[in-house]
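Student: Predicted model and sequence below, questions to follow.
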Amino acid sequence: MIWRLALLASAAAAAQASAPVIAGDAQRGAEVFQAQGCVECHRVRGTGAVVSRAPDLGLRRGRDMSPATLAALMWNHAPTMWKAMDSQRVERRPLSSQDAADLFVYFYAAGFFDPPGDAGRGKALFREKGCEGCHAAGKARPVAEWTAVDDPIRLAGQMWNHASRMQEAMGKQNIPSPTLTAQDLRDLCVYAQNLPQARGRTPEFKLEQPETGEELFRTKGCAECHAGRQSLVGKLGQKSLTEIAAALWNHSPKIIPMPPPLTEAEMRQLLSYVWAKQFLDGDGSVTRGKGVFARKNCAACHAGSGGAPALPTAGGPIPHP
C-alpha cells in the first residue's frame, strides 16, 4: 500500500547523490492507486473512497512538504494504517520501485507539494496583468482552454514559449511585459482550473530519466550561462515546478536574443535533468543517516540477526514488514 512509498523514499534519502532517479508517470500512478487498493480508504482531490477513512492525499500541503517529509509522515502513520488494514482484511500487496515513483508523481500532479492558490485572486490578476486583453478578446487562447494548468511541466514549457512571443508582441505596442510571482501563477492556475469548462480534468505529470536532458541543456545554450556561480545545481531542489515556471516567465525577456522555443518533450527532459534529481535526492547526509540508524536501533532487526528483511535497494520490490 502507500506506506511502502515511505520506505522507498527513506532508502532513497540515504542513498548516494549519484543514485539514479526513476522516471515516473502520473497516469500509471493513478492506476497503481487503484490496483493497490489505496482507494478503499484514501481519496485524491475528492476521487477515491466512497467513505473516506483516511486523509485525502491530493490536498495541498505547506511549503515544508518534501519527499523526505512525506516519508517521515508515512513511517509515523504506518502502525495505525497496518492496524486499520488488518481489521478490514485489506491485503498488503508488494510495491515495486517503479510503482512508488509513479505514485509519487501522481500525488505531485494533484498538487501535493505546491502551496494553495486562490481562484478569486487569480481572476483579479487575470485582469490586472493584462491577460484578458488578449485571452478574453479572441486574440489568444481562451483561459478555459488552458490545459497546461493541469500539468506542471507542460505549464513551465508554455510559460517559457509564450513569454518570448508575448515579449515581441507587447514590444511592438510599447507595453511592458508583466512579471509574475509564484503565488500569482498558482492563483491564475486555480482560477483556470475552477472555470466550469475546465472542471473534472485529470491532473497530469510525467518525469523522464534525468540523463536525457543533459545533452539538451548544452545544445539549447543553457550551459553557456548556467555555469560556475550561475549553475543551477543545488538551487532548484527546494522549489516547486510552479515557482520554476514563474521564474522562466520572468527570465525570458532578459535573454537576448530571445531564447529558442521548447517542445513539451524537451521541457520535460530538461526539468527532469535540472530539477527532478535535486528535488528527489534532497540534502540528506549519509553520515547523519548512519547516526539515525544507530540511535533509532534499526540494526536490532535490520542487521541480519533480528529476523527483519534487509533495507530495500533501488529497482527491487519493497518487502513486507
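Tutor: Alright, I've got the coordinates. In this text, all values refer to a predicted model and were calculated from it rather than measured experimentally.

Student: Just the element for residue 257, please.
Tutor: Residue 257 is part of no helix or strand when elements are defined by DSSP states H and E.

Student: ditto for residue 124
Tutor: In the assignment (DSSP H and E), residue 124 maps to helix 119-128.

Student: Can you spell out which helices and strands pack onto the helix or strand following that helix?
Tutor: Going down the chain from helix 119-128, the next helix or strand is helix 132-135, by DSSP H and E. If you count contacts as 3 or more CB pairs under 8 Å, 6 or more residues apart in numbering; DSSP states H and E, helix 132-135 packs onto no helix or strand. C-beta coordinates here come from the backbone N, C-alpha and C atoms, glycine included.

Student: What helices and strands are in contact with whichever helix or strand comes after helix 132-135?
Tutor: The helix or strand immediately downstream of helix 132-135 is helix 152-172, counting by DSSP H and E. Other helices and strands packing on helix 152-172, by 3+ CB pairs under 8 Å, 6+ apart, are helix 182-193, helix 241-251, helix 264-271.

Student: Work out the gap between helix 152-172 and the centre of the chain.
Tutor: A distance of 21 Å separates the centroid of the chain from that of helix 152-172, by CA atoms, centre = their mean, to the nearest Å.

Student: Quick check: buried residues in that helix?
Tutor: For helix 152-172, the neighbour count (16 or more other CB atoms under 10 Å) marks 152-164, 166-167, 170 as buried.

Student: about what we covered before: contacts for the helix holding residue 124, please.
Tutor: By CB atoms under 8 Å, 6 or more residues apart in numbering, the surrounding residues in contact with helix 119-128 are 131-132, 135-136, 143, 184, 186-194.

Student: Next: stretch 26-40.
Tutor: For stretch 26-40, the external contacting residues (CB under 8 Å, 6+ apart) are 1-2, 42, 44, 48-49, 53, 88, 90-91, 93, 95, 99, 102-109, 202-206.

Student: Helices - which of those residues land there?
Tutor: Members of those lying in helices (criterion: DSSP state H): 99, 102-109.

Student: What is the nearest of these to residue 218?
Tutor: Minimum distance to residue 218 across the ones in helices among the contacts of stretch 26-40 is 25.8 Å, recorded for residue 105 (CB to CB).

Student: Does that closest one touch residue 204 like I think?
Tutor: No. Using CB atoms under 8 Å, residue 105 is not in contact with residue 204; the gap is 9.3 Å.

Student: Could you measure from residue 74 over to residue 33?
Tutor: Between residue 74 and residue 33 the distance, using CB to CB, to the nearest Å, works out to 14 Å.

Student: One more: residue 58?
Tutor: If you go by CB to CB, the gap between residue 58 and residue 33 works out to 10 Å.

Student: So the two - more neighbours on which side?
Tutor: With neighbours defined as other CB atoms under 10 Å, residue 58 and residue 33 compare such that residue 33 has more, 22 against 19.

Student: Right, I'll leave it there.
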